[in-house]
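A.B. asks: here is the input, now give the coordinates:
(one chain, ligands or ions: 1)
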Amino acid sequence: MTNQNTEVPEIREPLPQGNRTPLIAGNWKMNLDHLQAIALVQKLAWGLKDVRHDFSEAEVAVFPPFTDLRSVQTLLAADKLSLTLGAQDVSPHESGAYTGDISAAMLAKLDVRYALVGHSERRHGHSESDDTVGLKARAAHAAGIVPMICVGETAEDLEQHGAAAIPIAQLTAALAHLPQDAEFVVAYEPVWAIGSGQAATPEQAEEVARALREHLRELRGDDRAVAIRVLYGGSVASQNIAGFMRQPNIDGALIGGASLKVDEFTRIIQFKKHVTAG
Ligand code: PGA
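C.D. replies: Okay, here's the model as predicted:
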């Protein structure tokens with residue numbers, strides 16, 4: 001009989017690397033009206049064509065404000081562009097008396113593939129709880145949209161609990177609302193790194209991404225843990241993207257400020273060049 005009180009360190013087989021398609025996602029936040037959005041996406045599409053970007057090597061998604069989605073959707077469809085569309089938020093409710101909310105069904109009608117849930121600017125600026133984030137993820141999934149679950153620790157959390165504890169707790173809480181087989185993306189964004197110009201080091205980010213994936217093994221099993229993409233976000237730029245993309249557990253980036261500059265965003269998307277060069 002095994003002694004229940006003896007702590008035996010769990011020895012687990014390392015996960016295989018899998019073949020996750022990297023995802024480079026541009027979160028525009030509250031920037032660009034619909035005309036500026038069209039101009040940016042056109043320029044981005046030309047730029048990517050110029051460098052012969054292979055979308056099977058890195059998927060590219062843009063997350064414009066709600067008011068731009070219809071214009072960008074129309075442009076993507078008319079010009080048959082391979083960029084993917086994301087929304088920055090989604091209502092946890094299906095429909096009804098929720099002034100100001102945008103439902104997942106409305107977004108799905110606009111060919112929106114991803115919805116950010118739990119971005120730190122929503123958690124902290126709009127007091128969104130873990131539960132709300134989970135309900136938003138569930139609403140997105142129910143409408144056929146892939147939730148991109150954002151998690152991350154504040155500088156204070158980092159000091160008190162280390163880097164991984166809060167992101168793991170946030171992910172666990174969100175996933176409690178999602179069916180076992182639901183598709184989702186995880187974006188690890190340390191709050192102290194967002195918009196600060198102070199990115200995490202690739203090693204710091206990898207440590208948390210790895211911890212999140214190990215936790216996903218428990219929550220969703222090995223096959224899903226291998227398939228799910230974990231992105232890093234927080235002051236990503238063309239100078240640091242290669243370091244992140246070299247990490248085995250980082251499958252892309254969620255980019256704020258730098259996604260508004262077409263040339264810079266294009267260089268980030270072209271990270272393979274830097275990775276092999278560096
Ligand atoms: P940043 O923002 O790239 O400007 O740091 C990232 C984010 O908030 O998603």
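
A.B. asks: is there contact, residue-wise, from stretch 70-87 to the ligand?
C.D. replies: No: using Cβ under 6 Å from any ligand atom, stretch 70-87 never reaches the ligand; the gap is at least 11.2 Å. Using the backbone N, CA and C atoms, a C-beta is placed for each residue, glycine as well.

A.B. asks: may I see the buried residues of stretch 88-107?
C.D. replies: Residues Gln88, Asp89, Val90, Ser91, Pro92, Ile102, Ser103, Ala104, Ala105, Met106, Leu107 are the ones in stretch 88-107 that count as buried (16 or more other Cβ atoms under 10 Å).

A.B. asks: ok, stretch 131-147 next?
C.D. replies: For stretch 131-147, using 16+ other Cβ under 10 Å, the buried residues are 132-141, 143, 145-147.

A.B. asks: among these, which ones are in strands?
C.D. replies: Val146, Pro147 (DSSP state E).

A.B. asks: any low-confidence regions in the stretch 1-150 of the chain?
C.D. replies: 1-10 (pLDDT under 70).

A.B. asks: and it, which residues reach the ligand?
C.D. replies: Near the ligand, when you scan the stretch 1-150 of the chain using Cβ under 6 Å from any ligand atom, you find Asn27.

A.B. asks: how about the helices in the stretch 1-150 of the chain?
C.D. replies: Along the stretch 1-150 of the chain, the segments classed as helices by DSSP state H, counting those that start in this stretch run 34-50, 66-78, 104-109, 120-125, 130-142.

A.B. asks: list the buried residues for the helix or strand hosting Ile166?
C.D. replies: Taking DSSP states H and E as the criterion, Ile166 maps to helix 165-175. By neighbour count with 16+ other Cβ under 10 Å, helix 165-175 contains the buried residues Ile166, Pro167, Ile168, Ala169, Gln170, Leu171, Thr172, Ala173, Ala174, Leu175.

A.B. asks: try stretch 53-62
C.D. replies: Buried residues in stretch 53-62 (16+ other Cβ under 10 Å): His53, Ala58, Glu59, Val60, Ala61, Val62.

A.B. asks: in PDB, list the C-alpha atoms belonging to stretch 113-126.
C.D. replies: Output of stretch 113-126 as PDB, limited to C-alpha atoms (Å, rounded to 0.1, in the frame of the first residue of the first chain):
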ATOM      1  CA  ARG A 113     -12.300  33.900 -35.400                       C
ATOM      2  CA  TYR A 114     -10.900  34.900 -32.000                       C
ATOM      3  CA  ALA A 115     -12.000  37.000 -29.100                       C
ATOM      4  CA  LEU A 116      -9.700  38.200 -26.400                       C
ATOM      5  CA  VAL A 117     -11.100  37.500 -22.900                       C
ATOM      6  CA  GLY A 118      -9.600  38.600 -19.700                       C
ATOM      7  CA  HIS A 119      -7.100  41.100 -21.100                       C
ATOM      8  CA  SER A 120      -5.500  42.800 -18.100                       C
ATOM      9  CA  GLU A 121      -6.900  46.200 -19.200                       C
ATOM     10  CA  ARG A 122     -10.400  44.600 -18.800                       C
ATOM     11  CA  ARG A 123      -9.500  42.700 -15.600                       C
ATOM     12  CA  HIS A 124      -8.000  45.800 -14.000                       C
ATOM     13  CA  GLY A 125      -9.700  48.700 -15.700                       C
ATOM     14  CA  HIS A 126     -13.200  47.200 -15.700                       C
END
